[in-house]
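In: take a look and give me a structure for this.
(chains A and B)
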Number of protein chains: 2
Amino acid sequence: MEKSLPVPVFTQAFRYQLRELFLWRRDVRHFQSSPIAPDVLTHLLELTHLAPSVGLSQPWRFVLVDDPQRRAAIVENFEVCNAQALRSEPTERAPAYAKLKLAGLQEAPVHLAVFADDSTPQGHGLGRRTMPETMRYSTVMAIHTLWLAARAEGIGVGWVSILDPAAVATTLDVPSHWAFIGYLCLGYPAHADDTPELERQGWQARTPLQILRR
Amino acid sequence: MEKSLPVPVFTQAFRYQLRELFLWRRDVRHFQSSPIAPDVLTHLLELTHLAPSVGLSQPWRFVLVDDPQRRAAIVENFEVCNAQALRSEPTERAPAYAKLKLAGLQEAPVHLAVFADDSTPQGHGLGRRTMPETMRYSTVMAIHTLWLAARAEGIGVGWVSILDPAAVATTLDVPSHWAFIGYLCLGYPAHADDTPELERQGWQARTPLQILRR
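Out: From the prediction side, this is the model:
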């Protein structure tokens, strides 16, 4: 098939920078208060829409959360779940857990909730018959696309998973057939780092890659 | 914290190329027969290990499948599932489904199965109490990291989801607590394109991004 656009050639220099992007992407919980320009946010979401999806179903659904009451409800949801998590920690780890900052919900200028529409007819069901979870996996790849594109703009993303998913859906009043995938905080990070915050705080070190051969 | 490495600055030129990478990544089902050099494959898997993971759990587990009998069993698994999918298509779509090439398992020089170890103690359970599915979501982000890094090397990835997951785990004889996430074909693609094959074949067009505001 004849193409109007030239096929891009990715150079060694690009690959070096792509590796830097992977190395310096972080799960950010410390944000500056400066806002993200609306056109930058729109551009990031449009890039996100280029993510892979099973059967070209594009099942990701984004919810920008600006309403102060809804944001407050999400913060409370997080605080309740985080307190429960702290209580379930073994005694020896609880002090370390209590010291961790696990979300930047209060400071982040942008709150973005991400859902998957498992029942979308788009894609005509292709590729999801034996593995319907691939709809949610596609949505996760959209989140990861956003994460990388944002970091390349100097914008940090933090994924908050310490939430009651059903309560998030209620708070945001989304269609009942949408599945909650993740709640993202976006903003300019307080600092850059090539080491995960959980590793810097001594919670968990990175371990070697595991590859089996069969 | 003082860092030994300089913080990278991502330029407009890099962001342009990153967008090209998103635009020209494809789910590849047509491969050349040329092999992937082992050091290139190792490099790609090491980059993949930089993906985000809940609680820094790094739950992804990779299985390189070289054994001809195991590969043949995977091909048979795909063919059975794909035939079932064809039979379940509505009459008016069945001819279009039958024409699609949905996997490059026969030609791809590298077969990579990806699993998630949901029960890994790494990360000490952080972030996965209310959403244990984030272990699998982390693994999906590792797959997406691999997909992008591979494309930047000119290598195509195809994600095969038309498989019986339990049979894949049996064929590959992996630990019983690993969850099957995806089966990837890797190789040099027969051609490059900025349009998904399912769109070119008329199966499904891309649709506009959906954003709600709350």
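In: could you use CA atoms for every contact and neighbour count after this?
Out: Noted.
In: which helices and strands sit right next to the longest strand belonging to chain A?
Out: Assignment by DSSP state E gives strand A:178-187 as the longest strand of chain A. With contacts taken as 3 or more Cα pairs under 8 Å, 6 or more residues apart in numbering or on different chains; DSSP states H and E, strand A:178-187 sits against strand A:110-117, helix A:134-152, strand A:156-160, helix A:165-172.
In: among these, which comes closest to A:Arg87?
Out: Comparison of the helices and strands packed on strand A:178-187 against A:Arg87 by Cα to Cα identifies strand A:156-160 as nearest, at 18.7 Å.
In: following the longest helix seen in chain A, which helix or strand comes up?
Out: The longest helix of chain A (DSSP state H) is helix A:68-88. Sequence order places helix A:94-99 as the next helix or strand after helix A:68-88, per DSSP states H and E.
In: tell me which residues of that next one are tucked away?
Out: A:Tyr97 (16 or more other Cα atoms under 10 Å in any protein chain shown).
In: so where is chain A shaky, pLDDT-wise?
Out: A:1-4 (pLDDT under 70).
In: ok, how many other residues are close to A:Ala150?
Out: 25 (other Cα atoms under 10 Å in any protein chain shown).
In: surely it meets A:Ile143?
Out: No. Contact status for A:Ala150 versus A:Ile143: not in contact, 10.4 Å apart, counting by Cα atoms under 8 Å.
In: just to revisit the earlier point, what strands flank the longest strand of chain A, and is each parallel or antiparallel?
Out: strand A:110-117 (antiparallel), strand A:156-160 (antiparallel) (DSSP bridges).
In: ok, residues contacting it?
Out: Applying Cα atoms under 8 Å, 6 or more residues apart in numbering or on different chains, the contact partners of strand A:178-187 are A:31-36, A:103-105, A:108-118, A:136, A:139-140, A:155-161, A:165-166, A:168-169.
In: can you give me the angle it makes with helix A:68-88?
Out: Angle, strand A:178-187 to helix A:68-88, by axes from the mean of the first three to the mean of the last three Cα atoms, to 10 degrees: 100 degrees.
In: and the helix or strand just after strand A:178-187, anywhere near chain B?
Out: Downstream of strand A:178-187, the first helix or strand assigned by DSSP H and E is helix A:197-200. Yes. Applying Cα under 8 Å from any Cα of the partner chain, one finds helix A:197-200 touching chain B at A:Leu198, A:Glu199.
In: distance between helix A:197-200 and the chain's centre?
Out: Computed by Cα atoms, centre = their mean, to the nearest Å, the chain-centroid distance of helix A:197-200 equals 18 Å.
In: got a list of what A:Gln204 touches?
Out: Taking Cα under 8 Å, 6+ apart, we find A:Gln204 in contact with A:Leu198, B:Gly55, B:Leu56, B:Gln122, B:Gly123, B:His124.
In: and the third one, how far from B:Glu46?
Out: It stands for B:Leu56. As for B:Leu56, its distance to B:Glu46 is 16 Å (criterion: Cα to Cα, to the nearest Å).
In: likewise for the fifth one?
Out: Between B:Gly123 and B:Glu46 the computed distance is 19 Å (Cα to Cα).
In: which of those two has more residues huddled nearby?
Out: Each of B:Gly123 and B:Glu46 has its neighbours counted (other Cα under 10 Å); B:Gly123 has more, 21 against 15.
In: and that one, that one's in a strand?
Out: No. Counting by DSSP: H, G, I helix; E, B strand; the rest coil, B:Gly123 is not found in a strand; it is coil.
In: so what's A:Leu86 closest to, chain neighbours aside?
Out: With Cα to Cα, 6 or more residues apart in numbering or on different chains as the criterion, A:Leu86 has its nearest non-adjacent residue at 6.2 Å, and that residue is A:Ala94.
In: with A:Ala96 instead?
Out: In space, and not counting its chain neighbours, A:Ala96 is closest to A:Trp203: 7.2 Å by Cα to Cα, 6+ apart.
In: can you tell me the SS state at that neighbour?
Out: Here A:Trp203 is recorded as coil under three-state DSSP.
In: that one contacts A:Ala94, doesn't it?
Out: No. Contact criterion Cα under 8 Å: A:Trp203 and A:Ala94 do not qualify, at 11.0 Å.
In: measure A:Tyr97 to A:Ala83 for me?
Out: 10 Å.
In: and the host helix or strand of A:Arg15, anywhere near chain B?
Out: According to DSSP H and E, A:Arg15 maps onto helix A:12-24. Yes. Residues of helix A:12-24 contacting chain B under Cα under 8 Å from any Cα: A:Phe14, A:Arg15, A:Gln17, A:Leu18, A:Arg19, A:Glu20, A:Phe22, A:Leu23, A:Trp24.
In: which other residues reach that helix?
Out: Helix A:12-24 is contacted by residues A:148, A:151-152, A:192-195, B:7-8, B:10, B:14, B:17-18, B:47, B:50-51, B:149, B:152-153 when judged by Cα under 8 Å, 6+ apart.
In: again, but for stretch A:113-133
Out: For stretch A:113-133, the external contacting residues (Cα under 8 Å, 6+ apart) are A:54-65, A:134-136, A:139, A:143, A:177-184, B:81, B:85, B:160-165, B:203-204.
In: can you measure across that stretch, start residue to end residue?
Out: End to end - Cα to Cα - stretch A:113-133 spans 19 Å.
In: chain center to it: distance?
Out: Computed by Cα atoms, centre = their mean, the chain-centroid distance of stretch A:113-133 equals 19 Å.
In: buried residues in it?
Out: Within stretch A:113-133, the residues scored as buried using 16+ other Cα under 10 Å are A:113-118, A:120, A:122-132.
In: stretch A:161-180 now?
Out: Across stretch A:161-180, burial judged by 16+ other Cα under 10 Å covers A:161-165, A:168-169, A:171-172, A:174, A:178-180.
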